[in-house]
Every structure is written in C-alpha cells, then in structure tokens.
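> What follows is a predicted structure for the sequence shown.
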Amino acid sequence: MPVRREKAERLADEELMPLVGRKDPEAFEVLFDRHGGAAYSLAYRIVGDRAAAEEVTQEAFISVWRSGARFDAARGSVRSWLLSVVRNRAIDFLRSRAGKAPKLTFDDDSVLEQRPARERTEEEALQRETSAELQGALGKLPGEQSKVIELAYFGGFSHSEIARMLNLPMGTVKGRMRLGLEKIRGDLAEGLA
Amino acid sequence: MNASDHNRWSEDLAAFVLGALEREETAAVERHLEGCSRCQEEMRWLAPALQTLPESVERLEPPPQLRQSLMAEVRADSRAQAAAERPARTRSWGWLLKPAAGFAVVALLVAGVVGYEVGKDGSSGGGGGGTTVERQLGGINVKMVQEGNSGTLQLAGVHQLPPDKVLEAWVEREGQVEAVPALFVPDRDGQAETRIADMSGVAVVMVTEEPQGGSDQPTSKPIMTMKVPS
C-alpha cells in the first residue's frame, strides 16, 4: 500500500528508500522533489546541454526507481548516492557522444574538424573547465588543482588523459588531485567549505 | 610495507575516488584496499571532499516536464507491477480503461485493420450468447471472446519478448483510442491473454510491443489488429 504524500514528506531520505524499493511512487516523488534540482544541475554541468541533461536525469532516476534496493546506507547518504548515479550516467552520455562529432565552440573550427572526435571532446572539456564559474569548496582551490579535479569529476577523464591534455607528468596530475581533495577535506573539517 | 610504498598507494587514492584511474590501476587499488586499514581510513577521510563536488555546480531549476515525464513512467511501472502481482482471476475484473486519445493513433488503428471473421460460440458460451471472433493475423492466432460487456483477447504463436518489453492492448471506441491498463507478456509457449473490462462500443482491438511500464499511446507497429463486429 503506497504511503500518502504528506506522510512521505515527513520521512528522512533513508526511510524513503525502503519504500522506493517496494515501488512506492509517492515516496519516489518526494525523493525527486528533494534532489531532482541538484541532479539536473549536475547533469547539465557535465553534459552542457539542457535537453541532454533532462534525458540523463530521467534515466538516472528511472534506474534508481528500478533498483532502489541497491542503495547501501553504510556507504553514504542517499543524496550522494543519487548524485553519483547521475554523474555516472552523464559521463556515459559524454563518452557515447565522443564517437560522434561534438558541438564546437572554438574560434578555429576548421582546424578542429580535422582532429579525431575524442581529441575535440578533450579540447571542449578543457575550455569548459577553464570558463566555468567555480563555486563552493572547489572555487577556493588554486586553479591548477581545481582544473585536474574538474576534468576528472565533471569531464570523466583519466589521469593519463588529463596529463596529456595539460602536457604534465602523470605524477603531477595525481599529486594535484590529492592536494586539491585534501584541501577541500581540510576546509570541511574546519567548517570553511 | 614501508612508508615509501604506502605513499605510492596514497597518491593513487585521490585519483581513485575521482574515478580517474585506468581500469587495471583501479583493480590494483581495490585489491590493496581490501587488506590495508590505513588506506581504508584515508578513503573514509577523503570521501566527504568528493561529496562537495556535485554541490559546487550552479543550481538550475529542472524543467517541469522532467518531473511529469518521470512520474508518468514511474506510475505506469507501478500499475504494471500491481497488475502482474494480482492473481489472474482477480486481476481480470479490476481493470478500467484509461483514455489515451489521439487522432493519429486512431488512424493507425483503423489503417491496420486486416479483417475479421465472426462465429457464434454456442458451446463455450454455455448458451449465454457469447461471441467469439477468431482470426490468423500475421502468424498469430487471435481469439476474441466477448461475454456480456467484457471480452478476453487470447493470442497464440506470439514471439518471445526481450526482457525490457511487454505487450499492451488498445481499443478504439467512438473514434477514441484507449489503452488497456494491464500489460501482459506471452508465456513460454507463446500464448498471451488479456481481458478488456468494457467492450461496449469497441470497434477495433490492437496489440503492440511497448517498453516496460507501457506507453500512453502505441509506439510500435502492431503485432495484431482486429476489427470487432458491432
């Protein structure tokens, strides 16, 4: 028997998840209302297109609806789990699109058109990460650290791909990732992030 | 393991939590983590930093149609599951027709009609005036049994469906197309059956293959379309 909407709204995320696992639409709707905005924003940040962000968000939530029982409370909050599902879907979307010609936003399109699709996608990602307005904890990092973290997290690139894109040794990329995450973590511990 | 060895793993952990290691490197870190409490502790320490990243993006309002479309799919899924979990006999009496009108859909239905054949079924109707329509349509044996106001659509020779597909029946009544809410699937022998609670005024019955959860209107070519005698 589905719970009433008013009751579902009073439940914590962790209490909603067993109901979602039992296919309760009201509980699921409350979950979407709480986290749909963050999910859509994250999807848009990664794929850079509203229609695609909508598609990615819907697919991610449908996968949650159909596999709600996979949530493991021991590994983090419902919100971070949901956002990780959205992030994975969005990165998959980017990778599937990488085989096709991506939309170009560079000045010299003719040069880029002659490059492999993957390389053009990397160029796009570099430009996006450079131009994006950084907020929150990420915005407080030195640019060299935030860039490698953003290329990995929002671009889905591996450390070796990032090293090639930025013309840096792989060890340097990993070192910057580590320093960046440690700085964010330190700020969190001090209540600054 | 000395400190220098451990630093190597420690360096990889940040790339690992960001999902930035290559496949083989990821597997190696996972194996190492299983037996290294120090790295496990370090992972736990870093995890909250990762969780701030999705929260750092500019917040946008999702378009209203995203919520509508998502919830329509979720509720259709929920209805299909509820129908599938009810015993067949009980389920058949619980159906209500839902409207899914659309001129194009009507055209599809009518255009797809390939004919009909009528025979009075005195034996199975038990003298109650039941009507049976039988037809071989596109390799599928179709039997439409009408008793009183309701009907049962029986199909034989239906191909096996992919796991993400179901059968959905549609009726055309007074120019409006309605979906029969309970979705169905063929059994191992290719037999499938659905019940139409209200046959009054139904001119055409059609069945299409639809995604799990069903659709608001037909999205694929009908596997069968049958005109119902008035």
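Done, it's in.

> Send me the host helix or strand of residue B:77 as CSV with only the CA atoms.
Using DSSP states H and E, residue B:77 sits in helix B:64-85. Output in CSV follows, covering the C-alpha atoms of helix B:64-85 (Å, rounded to 0.1, in the frame of the first residue of the first chain):
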residue,chain,number,x,y,z
PRO,B,64,8.5,20.9,-15.1
GLN,B,65,8.2,18.3,-18.0
LEU,B,66,11.1,16.4,-16.5
ARG,B,67,9.1,15.7,-13.3
GLN,B,68,5.9,15.0,-15.3
SER,B,69,7.5,12.6,-17.7
LEU,B,70,9.5,10.8,-14.9
MET,B,71,6.4,10.3,-12.7
ALA,B,72,4.3,9.2,-15.6
GLU,B,73,6.8,6.4,-16.3
VAL,B,74,7.1,5.6,-12.6
ARG,B,75,3.3,5.3,-12.1
ALA,B,76,2.9,3.2,-15.2
ASP,B,77,5.6,0.9,-13.9
SER,B,78,3.8,0.7,-10.6
ARG,B,79,0.5,-0.1,-12.2
ALA,B,80,2.0,-2.8,-14.3
GLN,B,81,3.7,-4.4,-11.3
ALA,B,82,0.5,-4.2,-9.2
ALA,B,83,-1.4,-5.9,-12.1
ALA,B,84,1.2,-8.5,-12.5
GLU,B,85,1.2,-9.4,-8.8
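
> what sits up against that helix?
A:2, A:23-25, A:28-29, A:32-33, A:36, A:40, A:54, A:57-58, A:61-62, A:65-66, B:91, B:94-95, B:166, B:181-183, B:212-216 (Cβ atoms under 8 Å, 6 or more residues apart in numbering or on different chains). For glycine as for every other residue, the C-beta is placed from the backbone atoms N, C-alpha and C.

> repeat for stretch A:46-63
A:28, A:32, A:36, A:39-40, A:43-44, A:82, A:85-91, A:93-94, A:103, A:128, A:154-156, B:62-63, B:65-66, B:69-70, B:73-74.

> Which of these fall in helices?
Using DSSP state H, the subset of these located in helices is A:28, A:32, A:36, A:39-40, A:43-44, A:82, A:85-91, A:93-94, A:128, B:65-66, B:69-70, B:73-74.

> out of the residues you listed, which are buried?
A:28, A:32, A:36, A:39-40, A:43-44, A:82, A:85-87, A:89-91, A:93-94, A:128, B:66, B:70, B:73-74 (16 or more other Cβ atoms under 10 Å in any protein chain shown).

> now chain B, which segments are flagged as low pLDDT?
The model of chain B has pLDDT under 70 over residues B:1-5, B:84-129, B:163, B:182, B:230.

> Now do the helices in chain A.
A:5-10, A:13-21, A:25-47, A:50-66, A:78-98, A:109-113, A:117-131, A:136-139, A:143-153, A:159-166, A:170-189.

> I'd like those helices written out as JSON lines, with distance to residue B:27 and mean pLDDT added.
Listed next are the helices of chain A as JSON lines, based on distance: least, Cβ to Cβ, whole Å; pLDDT from 0 to 100:
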{"stretch": "helix A:5-10", "distance to residue B:27": "40", "mean pLDDT": "82"}
{"stretch": "helix A:13-21", "distance to residue B:27": "29", "mean pLDDT": "90"}
{"stretch": "helix A:25-47", "distance to residue B:27": "25", "mean pLDDT": "95"}
{"stretch": "helix A:50-66", "distance to residue B:27": "24", "mean pLDDT": "94"}
{"stretch": "helix A:78-98", "distance to residue B:27": "18", "mean pLDDT": "90"}
{"stretch": "helix A:109-113", "distance to residue B:27": "35", "mean pLDDT": "35"}
{"stretch": "helix A:117-131", "distance to residue B:27": "23", "mean pLDDT": "52"}
{"stretch": "helix A:136-139", "distance to residue B:27": "28", "mean pLDDT": "79"}
{"stretch": "helix A:143-153", "distance to residue B:27": "18", "mean pLDDT": "93"}
{"stretch": "helix A:159-166", "distance to residue B:27": "15", "mean pLDDT": "93"}
{"stretch": "helix A:170-189", "distance to residue B:27": "17", "mean pLDDT": "92"}
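
> Can you add distance to residue B:46 and give these back as TSV?
Shown next, in TSV, are the helices of chain A (distance: least, Cβ to Cβ, whole Å):
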stretch	distance to residue B:46
helix A:5-10	33
helix A:13-21	23
helix A:25-47	19
helix A:50-66	24
helix A:78-98	13
helix A:109-113	36
helix A:117-131	21
helix A:136-139	13
helix A:143-153	12
helix A:159-166	15
helix A:170-189	5
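
> what's the closest of those to residue B:199?
helix A:25-47 (29.7 Å; Cβ to Cβ).

> any idea of the angle the closest one forms with helix A:50-66?
Using axes from the mean of the first three to the mean of the last three Cα atoms, to 10 degrees, the direction of helix A:25-47 lies 140 degrees away from that of helix A:50-66.

> so how far is stretch A:89-99 off the chain centroid?
12 Å (Cα atoms, centre = their mean, to the nearest Å).

> same thing with stretch B:49-62?
32 Å.

> now do the same end-to-end measure for it.
25 Å (Cα to Cα, to the nearest Å).

> again, but for stretch B:156-167
Stretch B:156-167: ends 13 Å apart by Cα to Cα.

> residues making contact with that stretch?
Applying Cβ under 8 Å, 6+ apart, the set of residues contacting stretch B:156-167 is B:80, B:139-141, B:143, B:155, B:183-186, B:189-192, B:194, B:207-214, B:223.

> Please enumerate the helices of chain B.
Using DSSP H, helices in chain B cover B:3-17, B:23-35, B:37-52, B:64-85, B:88-94, B:103-111.

> And the fourth one, what's buried?
Neighbour counts using 16+ other Cβ under 10 Å place B:66-67, B:70-71, B:73-74, B:76-80, B:83 of helix B:64-85 among the buried residues.
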